[in-house]
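Asker: The following block contains a protein sequence and its predicted model.
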Amino acid sequence: MNLKQKEFALAYLKEKNATRAYTAVYGASSDKNASSAAARLLRRSDVRAFLAEQEAVITAAVQADVQYSRRDSFQYLCRVQEHAFDVTPKPDFTAILKAEELKGKLIGLYDKDRGDDMPAATAVEVVIRS
């Protein structure tokens, strides 16, 4: 795989349009020429392997970012819930319940496709400290 083919593959990953990616890297006299040349490049096994490798890297990075964001958000909501008890003499039950609801959403508690037989409303016990 040469440098231009690699540039085409990277442009294709960005554009998700083979004709535009080909035109951006190689230039073309017409869309028809660009389309057929791009299709030939996408049939090459080395180009397909490179695309699959790059898509796997991108997918792993996105999944790691989502997992980090969910974990970070969950920890933040736990801290909000803890401070709701400490800020005032009377606990802020609205903030506590809202934090609990958002934590449930983060972990998929309200997902209809959970696959268990337990209704979502009974899946978590909310403990309110006084």
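Answerer: In hand now; what should we look at?

Asker: can we go C-alpha only for contacts and neighbour counts from here?
Answerer: Fine.

Asker: chain center to the worst-scoring helix or strand of the chain on mean pLDDT: distance?
Answerer: The helix or strand of the chain with the poorest confidence is helix 93-106; it has a mean of 75 (mean pLDDT, DSSP states H and E). Taking the mean of its C-alpha atoms, helix 93-106 sits 23 Å from the chain's own mean (C-alpha atoms, centre = their mean, to the nearest Å).

Asker: So which bits of that helix are buried?
Answerer: Neighbour counts over helix 93-106 (16 or more other C-alpha atoms under 10 Å) mark 95-96, 99-100, 103-104, 106 as buried.

Asker: And the average pLDDT for the host helix or strand of K6 is what?
Answerer: For K6, the element it lies in under DSSP states H and E is helix 3-15. Mean pLDDT, helix 3-15: 91.

Asker: Quick check: what element follows it along the chain?
Answerer: As assigned by DSSP H and E, the chain's next helix or strand after helix 3-15 is helix 18-26.

Asker: quick one: contacts of that next one?
Answerer: 4, 7-9, 11-12, 15, 28, 31, 34-35, 37-39 (C-alpha atoms under 8 Å, 6 or more residues apart in numbering).

Asker: helices or strands next to the lengthiest helix in the chain in the packing?
Answerer: Looking across the chain with DSSP state H, the single longest helix is helix 45-86. Helix 45-86 sits against helix 3-15, helix 93-106, with contacts defined as 3 or more C-alpha pairs under 8 Å, 6 or more residues apart in numbering; DSSP states H and E.

Asker: what comes up buried for the shortest one?
Answerer: Neighbour counts over helix 3-15 (16+ other C-alpha under 10 Å) mark 5-13 as buried.

Asker: Switch the residues you listed over to CSV; also include distance to R43.
Answerer: CSV is the format used below for the buried residues of helix 3-15 (distance: C-alpha to C-alpha, whole Å):
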residue, distance to R43
Q5, 12
K6, 14
E7, 16
F8, 13
A9, 12
L10, 15
A11, 16
Y12, 13
L13, 15
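
Asker: Which two among those residues are spaced furthest apart?
Answerer: Q5 and L13 (12.4 Å; C-alpha to C-alpha).
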